[in-house]
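J.: give me a model of this one.
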Amino acid sequence: MSMPEFATPEALIRKKTILVVDDEPDVVWATTRMLEKAGYTVLSGSTAAEASSLTKMHRPALVILDVVLPDGDGLEVARQIKLDPDLAGVFVVLLSGIQISPQEQAAGLKSAQADGYAIKPFSNVDFLARIEAFLRIRSVQEALRESEERYRILFTRAVDGIVILSVNGKLVEVNESLARMHGYSTQEMLHMTLKDLDTPETSQLAPERMSRVLAGESLTFEVEHYHKDGHVFPLEVSVSLISSGGESCIQCFQRDITERKQAEEDLKESVEHLRRAIHTTIQVLVLAVETKDPYTAGHQKRTTNLARAMAAEMNLPPEKIEGLRMAGAIHDIGKISIPSEILSKPTKLPAMEYSLIKEHARHGYEILKDVESPWPLADIVYQHHERINGSGYPRGLKGEEILIEARILAVADVVEAMASHRPYRPALGMGAALEEIEKNRGILYDPAAVETCLRLIREKGFQLEVDAYPIDKSLLSDGYAASYQDTLSILSRHTD
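T.: Sure, this is the predicted structure:
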């Protein structure tokens, strides 16, 4: 069978080509002149042999064929043309000089499998109208055939698996990719149903999905199928309802996602390893701060506890809450570069020494900026003394320029600092701390963070004293010596 022709120049010419075969020269001349005036390319012949050879050679859109020819029967020639698969789509109109009844015309058409009948002599106008009607039909049929052929090529050559299912789950059509994916031949799969492939877990979900598809919904989901050798493999499936031969069917595209799933697992394992490494790094930093300044270490723990509770109350995503917890635990790590005698000084600091203290946010950023992390730890630490109105430090950021984690941490930081004892003053108390954030809500502090903090402490009885970030020193010797050494190396650059 010949390959389909999709809009090639030759195919377009053939759609406008008509072959006229009659042993009467006047009929051939008159018919040719009429058709050429109408814009068609006309070929002509006078014998049965010419009719057969010219049709095979040129594959015209239409053959106008005399029933009686000097070397053969036009009906037989018409039958041979219509039965030849390489000439599919060629219309045949029979011509006869004998007046016969409509019943005899119908019998002749049936015998020759021809498409139309005309009695000579005929009206040019009527005959041309019939010819053009045939060619319009042929054009529609050709377009449909080409569309079906295109689909068939896509179906058979697609990289993804494609299966057409009946509404009861029987496999009606299967392409090579799907059969190869499951380890079967296409013929083997055509004797199977979807239940033969689904794992029990997938089968449980099949009825609900099937009902949704039959209701007209297109779905994409993941399933697990059995391979012929018994192993289970994952697939991504896209399913939709289609009509085939007037019946509802389900078209299903399937893609083996074994490699993708493995890559996801590898990535998840890498992320978990990174999390543990970051956790260890944070613990080392917390230990370093505890060694340097016990007051700062306790403050970080209590501030972290409050900030994390606020973030959860504000419905932040779990990832942001975890990042805030990590950053909060070391938000004052920059103080490790400040002399201990300044940190623990029991009196109010002079302006120059206080300016050194204010540099701790910048120092913290410098310490953390090279630490690989899934969270913006360095930026949160950098911004935790910024204020909504731009009066904070070190960069004078305003409003939305400040990360939400840093805005939450700023409120928790102020409340803990005012409510707790410091070397240079006694605790001011929780009442004074809450009055400060309430008075400056929307001015210095994020309004939503302030509202949340007030609600947690006044209405829900939140307590600062709980240790939010206990140090797990066992981790430091549990395969993370490299992280420990890396962290000490980072710290050494800021404490020399």
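
J.: mind giving me the packing neighbours of whichever strand or helix holds residue 249?
T.: Assessed by DSSP states H and E, residue 249 sits inside strand 247-256. Strand 247-256 is packed against strand 161-165, helix 176-182, helix 200-214, strand 232-244, with contacts defined by 3 or more C-beta pairs under 8 Å, 6 or more residues apart in numbering; DSSP states H and E. All C-beta spots, glycine's among them, are computed from the backbone N, C-alpha and C.

J.: ok, now with 6 Å
T.: strand 161-165, strand 232-244 (3 or more C-beta pairs under 6 Å, 6 or more residues apart in numbering; DSSP states H and E).

J.: just put these in JSON lines and tack on mean pLDDT, distance to residue 421 and mean neighbour count.
T.: As requested, the helices and strands packed on strand 247-256 are exported to JSON lines (pLDDT from 0 to 100; distance: least, C-beta to C-beta, whole Å; neighbours: other C-beta atoms under 10 Å):
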{"stretch": "strand 161-165", "mean pLDDT": "88", "distance to residue 421": "69", "mean neighbour count": "20"}
{"stretch": "strand 232-244", "mean pLDDT": "89", "distance to residue 421": "58", "mean neighbour count": "16"}
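
J.: so for residue 261, which of those sits nearest?
T.: Among the helices and strands packed on strand 247-256, the nearest to residue 261 by C-beta to C-beta is strand 232-244 (5.2 Å).

J.: who does that closest one pair up with?
T.: Using DSSP bridges, the strands paired with strand 232-244 are strand 219-226 (antiparallel), strand 247-256 (antiparallel).

J.: okay if I get the ones you listed as CSV plus mean neighbour count, distance to residue 379 and mean pLDDT?
T.: Putting these into CSV (neighbours: other C-beta atoms under 10 Å; distance: least, C-beta to C-beta, whole Å; pLDDT from 0 to 100) gives the following:
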stretch, mean neighbour count, distance to residue 379, mean pLDDT
strand 219-226, 15, 36, 93
strand 247-256, 18, 39, 89
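
J.: grab the most central residue of this structure for me.
T.: Computing the C-alpha centroid of the chain and ranking residues by C-alpha atoms, centre = their mean puts residue 220 first, at 9.8 Å.

J.: can you tell me how far the closest residue in space to that one that isn't next to it in sequence is from residue 255?
T.: Leaving aside its chain neighbours, residue 220 sits nearest to residue 238 (4.6 Å; criterion: C-beta to C-beta, 6 or more residues apart in numbering). Here the criterion is C-beta to C-beta, to the nearest Å. By it, residue 238 lies 8 Å from residue 255.

J.: what of residue 161?
T.: Relative to residue 255, residue 161 is positioned 7 Å away (C-beta to C-beta).

J.: and for residue 176?
T.: Taking C-beta to C-beta, one finds residue 176 at 15 Å from residue 255.

J.: and if you look at residue 20?
T.: In terms of C-beta to C-beta, residue 20 sits 54 Å off from residue 255.

J.: that older thread, output the strands paired with strand 232-244 as JSON lines; include the columns distance to residue 457.
T.: Output for those, formatted as JSON lines (distance: least, C-beta to C-beta, whole Å):
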{"stretch": "strand 219-226", "distance to residue 457": "45"}
{"stretch": "strand 247-256", "distance to residue 457": "53"}
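
J.: which one of those lies nearest to residue 426?
T.: Of the strands paired with strand 232-244, nearest to residue 426 by C-beta to C-beta is strand 219-226, at 60.7 Å.

J.: starting at the chain centroid, how far to the closest one?
T.: The chain centre lies 15 Å from the centre of strand 219-226; the measure is C-alpha atoms, centre = their mean, to the nearest Å.

J.: tilt between that strand and strand 161-165?
T.: With axes from the mean of the first three to the mean of the last three C-alpha atoms, to 10 degrees applied, the angle from strand 219-226 to strand 161-165 works out at 100 degrees.

J.: contacts for strand 219-226, please.
T.: If you take C-beta atoms under 6 Å, 6 or more residues apart in numbering as the criterion, strand 219-226 is touched by 197, 199, 202, 232, 234-239.

J.: still on that earlier bit, looking at the strands paired with strand 232-244, which is nearest to residue 303?
T.: strand 219-226 (42.5 Å).

J.: kindly export that closest one (C-alpha atoms) in CSV.
T.: Output in CSV follows, covering the C-alpha atoms of strand 219-226 (Å, rounded to 0.1, in the frame of the first residue of the first chain):
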residue,chain,number,x,y,z
LEU,A,219,-7.0,13.4,34.5
THR,A,220,-3.3,13.1,35.0
PHE,A,221,-2.1,11.0,37.9
GLU,A,222,0.5,8.4,38.9
VAL,A,223,-0.1,4.6,39.0
GLU,A,224,1.9,1.4,39.5
HIS,A,225,1.8,-1.4,37.0
TYR,A,226,3.1,-5.0,36.9
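
J.: just want the angle from it to helix 200-214.
T.: Going by the same axes, to 10 degrees, strand 219-226 makes 150 degrees with helix 200-214.

J.: low-confidence stretches in the stretch 101-250 of the chain?
T.: 105, 138, 141-156, 245 (pLDDT under 70).

J.: let's see that with 50 instead.
T.: Applying pLDDT under 50 to the stretch 101-250 of the chain flags no residue at all.

J.: what about stretch 159-170, start to end distance?
T.: Distance across stretch 159-170, first residue to last, is 22 Å (C-alpha to C-alpha, to the nearest Å).

J.: how far does it sit from its chain's centre?
T.: Distance, stretch centre to chain centre, for stretch 159-170: 21 Å (C-alpha atoms, centre = their mean).

J.: what's that stretch in contact with?
T.: Outside stretch 159-170, the residues touching it (C-beta under 6 Å, 6+ apart) are 155, 171-175, 177-178, 181, 193-194, 248-255.

J.: surely residue 382 and residue 366 touch.
T.: No: applying C-beta atoms under 6 Å, one finds residue 382 not in contact with residue 366, separated by 9.1 Å.
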